[in-house]
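> can't give you the sequence, but here's the structure:
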C-alpha cells in the first residue's frame, strides 16, 4: 500500500481527534470588524500622524498583524471573499448594486459554519451581498441581523435600518447605532460561544460625521498628503479621518465590553477594510485607491487578536488576503467549514502562531471592471502588464518587466489563466467590455419572493428598472429612488421569481406633491392586478441634517418617505415582471418611489 493511501486512511481519524480536542476546550468567541472604504494609511498604527485610532491599534499591539493583506478594489466582492473563502467571481458577485452584488445560493458561508457548530451568530451593519431571502444575511448563517443590506446608505443620522426584514427609524449616528446592537447581542449571548460580525458603514461617503468628531478636524492641517496631491480634497480627508476616529471609539466600546465580561482572552477579534481609500489621501506612497487593482486599491490592514493562543505584537510578512479568513478562522476555532466547493484561501494559523512550517510561494489575484492584477511576495503585475518590484519600489514607479522577463511572462500567463478560469475569456491587459458595478443595468437573475419562513420581500428602487421617462434620483443606484414619473408612459419593473402562490400585501414607500395627489396606479404581475390611488399627498423637504460636507453629485439627497397601503395582490408561482404604472395622472407627477414591499399573508 502506497504512502498516499495510508495517509488517506488515517486522515479522518486524525482530523476527528483534532476537532474533538479543540471542542473539549472552551470554544473561542469571534468578533469580525470590517471597515468600509478605509485605506491602509487611515490608522495611527501605520504612521498617520493626523488621526488617532488607539482601539484599533491595540489589536495590532496585542495580536498579530498581517502586513501584506489584500482585499478587492470595491465593497461587495471583498465581503463575498470573507464569507466564502473563494474569489468573488466564483460566487456570482459581479457588481455593487442592482442585484449584481448577490452571492450565489449554493455558496456556503463562514457564518453557516459557526452556526452549525452551535454558535450564536449576528451581523450588525452593512451586508451588501443580497437583500431578499434567501440572499438575506439571515438565510446565510446569521441568527440575527440589523443594518442595511445594500451598499452605500444615504442617511447616517437617525437612519431607517432593517431589523430582521422590517424597516425601523433609529436615533443617532449609524455607526453608533449598529454598535449598540452588536453590544446587545454580545450581552445576550455571553454565556455561550458567539460569532459577531460588525461591518461598519464608514468612512464610505456621504461625508457625514458627528459634530464632536468633525470639530477636531474642521480646520486641522493635513501635512501628510496623497500620493498624487493634486487629486486630494483636504476636507474629504478631514471628514474620512473624523469618521475613522468615531469608528475607533466604537471598536473600543466592543473591546471594553469583552473585557468587562471577562471574554477578551478567549475571543478572536479580527479587523480589516474592504478596499482602498474612497478619496485621494495618504497611503504611505502607494499607487491607487478604491476601484484600482494597484497596491493602494487593494492593500488593507488586518489585525487578529486572541490573547489566549496567539502571540502579541507579531507581524506576518507573507502575502495574504480576504480569501484566507474563512479557512483561518474556522481552523483557529476548531469549526469545520461547510460545503464541497474548493477554497481559494489558505489557513494562515501556522503563520499567526509563528510556527516553523513550510509556506509555499503563492499568487493573489485582484480584479475589477475587466482589469486583473497579480501579486507575489516580491512583485506585482498590474492590469496593463507592467511589472513592479514591490520590495524595492512599493509606489509602483518603475516598470521592471524588461529586467525580469521570465517573471513578467510567468505572471502574465498566470493572470491570463486565472481570467479564463474566472470569466471564460483569456483577454489580458485590455478591457473585456464588461463594467461590473457600473451603470444602472439590473442583474438578470430574478428576485425571489414568497418564502413562508421569511414572508417579507423588499423591492427597493435599486433593484428595479425605470422605464419611459422615469429616472433614478442619482447615478448611484444603491440608495436611490424613482423620480420624474409624470405620465402614463413611465413605469417601473422588478423581475420576480415567485416561490409561493398566494395573496401578498403591498406597501409602497412614496412622496407626492400635495397638488398632484390622486393619480390612479396599477401594480401587475402576469394576469393579476391591483389598482389604487396615490393619496394623501406627502411632500417632505430633502434632509438638511445629514451632510458634514456637500454630498457627491452621484449620491441621492434623502427625505422621509411615507407608506402607501395599496392593498393585496394575488401572485402565482413562477417568474415574470412586476410592473408599477399609472392609469390616470391628474397632476404634474405621479409620485417618487423608494421601495415596494410584498408580504405573503395567505398562501
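Received it, and whenever you're ready, just let me know what you need. The shown structure was predicted, so the numbers you read here are calculated from the model rather than taken from an experiment.
> now the protein, which segments are flagged as low pLDDT?
Applying pLDDT under 70 to the chain flags the ranges 1-24, 426-440.
> So which residues of it form helices?
3-24, 54-62, 75-84, 110-116, 174-189, 211-217, 234-260, 295-298, 325-333, 349-353, 405-423 (DSSP state H).
> Show me what counts as buried in the fifth one.
I take that to be helix 174-189. By 16 or more other CB atoms under 10 Å, the buried positions in helix 174-189 come out as 174-183, 185-186, 189. All C-beta spots, glycine's among them, are computed from the backbone N, C-alpha and C.
> Same check on the longest one?
Judged by neighbour count using 16+ other CB under 10 Å, the buried positions of helix 234-260 are 234-252, 254-255, 257-258.
> want to throw the buried residues of helix 174-189 into JSON lines with distance to residue 113?
Below are the buried residues of helix 174-189 laid out as JSON lines (distance: CB to CB, whole Å):
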{"residue": "174", "distance to residue 113": "29"}
{"residue": "175", "distance to residue 113": "27"}
{"residue": "176", "distance to residue 113": "30"}
{"residue": "177", "distance to residue 113": "28"}
{"residue": "178", "distance to residue 113": "23"}
{"residue": "179", "distance to residue 113": "25"}
{"residue": "180", "distance to residue 113": "27"}
{"residue": "181", "distance to residue 113": "23"}
{"residue": "182", "distance to residue 113": "20"}
{"residue": "183", "distance to residue 113": "24"}
{"residue": "185", "distance to residue 113": "18"}
{"residue": "186", "distance to residue 113": "20"}
{"residue": "189", "distance to residue 113": "17"}
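> Pick the one among the residues you listed closest to residue 320.
residue 182 (25.5 Å; CB to CB).
> so that closest one touches residue 144, yeah?
No: the pair residue 182 / residue 144 is not scored as a contact, 10.0 Å apart, by CB atoms under 8 Å.
> Which neighbours do these two have in common?
residue 122 (CB atoms under 8 Å, 6 or more residues apart in numbering).
> picking up where we left off before, can you redo the helices of the chain as CSV with distance to residue 311?
Below are the helices of the chain laid out as CSV (distance: least, CB to CB, whole Å):
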stretch, distance to residue 311
helix 3-24, 19
helix 54-62, 10
helix 75-84, 24
helix 110-116, 24
helix 174-189, 25
helix 211-217, 34
helix 234-260, 18
helix 295-298, 27
helix 325-333, 13
helix 349-353, 7
helix 405-423, 33
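> Which one of those helices lies nearest to residue 587?
Closest among these, using CB to CB: helix 174-189, at 35.1 Å.
> Tell me who's in contact with residue 57.
Neighbours of residue 57 in contact, by CB under 8 Å, 6+ apart: 43, 44, 45.
> let's see it at 10 Å
43, 44, 45, 46, 248, 251, 271, 301, 303 (CB atoms under 10 Å, 6 or more residues apart in numbering).
> ok, so what distance separates residue 123 from residue 462?
19 Å (CB to CB, to the nearest Å).
> Neighbour count: the two, which is higher?
residue 123 (28 against 23; other CB atoms under 10 Å).
> Can you verify my assumption that the more buried one contacts residue 200?
No: using CB atoms under 10 Å, residue 123 is not in contact with residue 200, being 11.8 Å away.
> what do the two both touch?
147, 178.
> What ranges does the stretch 351-500 of the chain have for its strands?
364-368, 371-375, 379-381, 387-389, 447-449, 456-460, 465-467, 471-472, 482-483, 491-498 (DSSP state E, counting those that start in this stretch).
> got JSON lines for the ones you listed, with distance to residue 29 and mean neighbour count too?
Below are the strands of the stretch 351-500 of the chain laid out as JSON lines (distance: least, CB to CB, whole Å; neighbours: other CB atoms under 10 Å):
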{"stretch": "strand 364-368", "distance to residue 29": "29", "mean neighbour count": "25"}
{"stretch": "strand 371-375", "distance to residue 29": "32", "mean neighbour count": "24"}
{"stretch": "strand 379-381", "distance to residue 29": "36", "mean neighbour count": "23"}
{"stretch": "strand 387-389", "distance to residue 29": "40", "mean neighbour count": "21"}
{"stretch": "strand 447-449", "distance to residue 29": "33", "mean neighbour count": "24"}
{"stretch": "strand 456-460", "distance to residue 29": "30", "mean neighbour count": "23"}
{"stretch": "strand 465-467", "distance to residue 29": "43", "mean neighbour count": "18"}
{"stretch": "strand 471-472", "distance to residue 29": "42", "mean neighbour count": "17"}
{"stretch": "strand 482-483", "distance to residue 29": "43", "mean neighbour count": "22"}
{"stretch": "strand 491-498", "distance to residue 29": "37", "mean neighbour count": "20"}
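> Could you save those as a markdown table and add columns showing distance to residue 514?
Formatted as a markdown table, these follow (distance: least, CB to CB, whole Å):
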| stretch | distance to residue 514 |
| --- | --- |
| strand 364-368 | 45 |
| strand 371-375 | 49 |
| strand 379-381 | 58 |
| strand 387-389 | 61 |
| strand 447-449 | 33 |
| strand 456-460 | 25 |
| strand 465-467 | 24 |
| strand 471-472 | 22 |
| strand 482-483 | 17 |
| strand 491-498 | 23 |
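> Quick one: closest of these to residue 419.
strand 371-375 (5.3 Å).
> Can you report how many residues neighbour residue 311?
13.
> typo on my end, it should be residue 370
17.
> same check, this time on residue 425
Neighbours of residue 425 (other CB under 10 Å): 13.
> and if you look at residue 90?
Residues near residue 90, counting by other CB under 10 Å: 17.
> Quick one: residues contacting the residue found closest to it once you drop the neighbours it is linked to in the chain.
Spatial nearest neighbour of residue 90, chain neighbours left out: residue 422 (6.9 Å); criterion: CB to CB, 6 or more residues apart in numbering. Neighbour list for residue 422: 87, 88, 89, 90, 365, 367, 372 [criterion: CB under 10 Å, 6+ apart].
> go again using 7 Å as the cut-off
When contacts are counted by CB atoms under 7 Å, 6 or more residues apart in numbering, residue 422 touches 87, 89, 90.
> Dump these to TSV, plus distance to residue 118.
Below are these laid out as TSV (distance: CB to CB, whole Å):
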residue	distance to residue 118
87	29
89	33
90	28
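> So which of those is the closest to residue 308?
Nearest member of the contacts of residue 422 to residue 308, counting by CB to CB, is residue 87, at 32.1 Å.
> Roughly how far does the residue nearest to the closest one when sequence neighbours are not counted sit from residue 377?
Leaving aside its sequence neighbours, residue 87 sits nearest to residue 344 (CB to CB, 6+ apart; 5.0 Å). Distance of residue 344 to residue 377, given as CB to CB: 17 Å.
> now do residue 603
57 Å.
> Settle it for me: which of those two has more neighbours?
Ranked by neighbour count (other CB under 10 Å), residue 603 and residue 377 place residue 377 first, with 15 against 11.
> how many neighbours does residue 231 have?
Residue 231: 12 neighbours (other CB under 10 Å).
> OK, contacts around it?
Here residue 231 is in contact with residue 280 (criterion: CB under 7 Å, 6+ apart).
> for the one 5 residues further on, same thing?
By CB under 7 Å, 6+ apart, the residues touching residue 236 are 207, 279, 549.
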